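[1] Sequence plus the predicted model coming up.
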Amino acid sequence: MSDEQYFTATPATPSDPISFKVALPDGTMHLTTDRGVFSHGALDMGTRVLILKTPALDETRVGEGANLLDLGCGVGPLAITLARRAPLATVWAIDVNGRALHLTRDNARANRVSNIHTCTPEQMDPSLRFEAIWSNPPIHVGKAAMHEMLLQWLPRLTPTGQAVLVVQKHLGSDSLLTWLNGAGFPTERLSSAKGYRLLRTHPRADMIDQ
Ligand SMILES: C[S@@+](CC[C@H](N)C(=O)[O-])C[C@H]1O[C@@H](n2cnc3c(N)ncnc32)[C@H](O)[C@@H]1O
């Protein structure tokens, strides 16, 4: 990647698409990536860990009418996996990077899933609540900005909802786990693989009681 960061709204970096396919438990995934977007030319290892290690979704909760969120979708591998595992649910794939949103739309089509909607965070309907939030969060925006992003979206879990986050151990997964618990979101480490930690976060007590 150039010196431009992948979380730029409209990357100025010239386009250089790379398409590839990757074998995953849910089937082969066809992805087109580009410069100026996270993980150009490959499926990120953290993303792969999340896809491989996250427990199955509770089928009774991800049927018609359920909403699932891919927070910071990049080119969409998590959204596509959610869409495949919960074909009746609506998957919201959001990102601040316009090129990423465009690629997620194209990749959803290439993988023949039709239940993904893409938009910027600002375009999301504020009344929606999510049964699952999956994220390989943008650590490089800095701790304060990432915490702010999580505090914006985690309160939008349903009372039975769960968030799964994948974070590289050396990029602060353990301090994120401590911070999430301190912020009132019960969080545990689900697994650890290839230098990544998978964290599972539950709603705050006040979100369950309301
Ligand atoms: C580490 S990448 C993960 C991309 C993709 N989910 C994957 O696994 O390949 C994080 C993504 O978060 C996006 N992002 C950064 N700030 C954001 C924000 N405030 N709200 C939503 N997405 C954001 C970045 O543009 C980037 O695409």
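    Alright, I've got the coordinates. Bear in mind that the values here come from a model prediction, so they are computed numbers and not experimental data. Numbering: from 1, shown residues only.

[2] got any ranges where this structure has weak pLDDT?
    The model of the chain has pLDDT under 70 over residues 1-4, 210.

[3] Quick one: name the residues of it near the ligand.
    6-7, 38-39, 44, 47, 71-74, 77-78, 94-97, 100, 121, 136, 138, 141, 149 (CB under 6 Å from any ligand atom). Every residue, glycine included, has its C-beta placed from N, CA and C.

[4] The residues you listed, buried ones only, as a PyMOL selection?
    Only the buried entries of the residues of the chain next to the ligand go into this PyMOL selection, using 16 or more other CB atoms under 10 Å:
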select buried, resi 6+7+38+39+44+47+71+72+73+74+77+78+94+95+96+97+100+136+138+141+149
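
[5] where along this protein do the helices fall?
    45-53, 77-85, 98-110, 143-153, 173-182, 205-209 (DSSP state H).

[6] With respect to burial, which of those helices scores highest?
    Highest mean neighbour count among these (mean count of other CB atoms under 10 Å): helix 77-85, with a mean of 25.

[7] send the alpha carbons of it over as CSV?
    Listed next in CSV are the C-alpha coordinates belonging to helix 77-85 (Å, rounded to 0.1, in the frame of the first residue of the first chain):
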residue,chain,number,x,y,z
PRO,A,77,-15.1,-10.9,3.3
LEU,A,78,-16.8,-10.8,6.7
ALA,A,79,-20.1,-9.5,5.3
ILE,A,80,-20.1,-12.2,2.6
THR,A,81,-19.4,-14.9,5.3
LEU,A,82,-22.3,-13.5,7.4
ALA,A,83,-24.5,-13.4,4.4
ARG,A,84,-23.7,-17.0,3.6
ARG,A,85,-24.3,-18.2,7.1
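
[8] re the thing from before, mark which of the residues of the chain next to the ligand are part of strands, please.
    71, 94 (DSSP state E).

[9] Number of residues surrounding the residue nearest to residue 29 when sequence neighbours are not counted?
    Closest residue in space to residue 29, ignoring its immediate chain neighbours: residue 22 at 5.2 Å, by CB to CB, 6 or more residues apart in numbering. Neighbour count of residue 22, defined by other CB atoms under 10 Å: 14.

[10] Provide a list of residues in contact with residue 22.
    Contacts for residue 22 (CB atoms under 8 Å, 6 or more residues apart in numbering) come out as 28, 29, 31, 43.

[11] about what we covered before: could you dump the helices of the chain to JSON lines with distance to residue 165?
    Output for these, formatted as JSON lines (distance: least, CB to CB, whole Å):
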{"stretch": "helix 45-53", "distance to residue 165": "8"}
{"stretch": "helix 77-85", "distance to residue 165": "11"}
{"stretch": "helix 98-110", "distance to residue 165": "18"}
{"stretch": "helix 143-153", "distance to residue 165": "8"}
{"stretch": "helix 173-182", "distance to residue 165": "7"}
{"stretch": "helix 205-209", "distance to residue 165": "17"}
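
[12] Nearest spatial neighbour of the spatially most central residue of the chain, chain-adjacent residues omitted?
    In the chain, the C-alpha nearest the mean C-alpha coordinate belongs to residue 135, at 2.9 Å (CA atoms, centre = their mean). Take residue 135 and drop its neighbours on the chain: the residue closest to it by CB to CB, 6+ apart is residue 71, 3.9 Å away.
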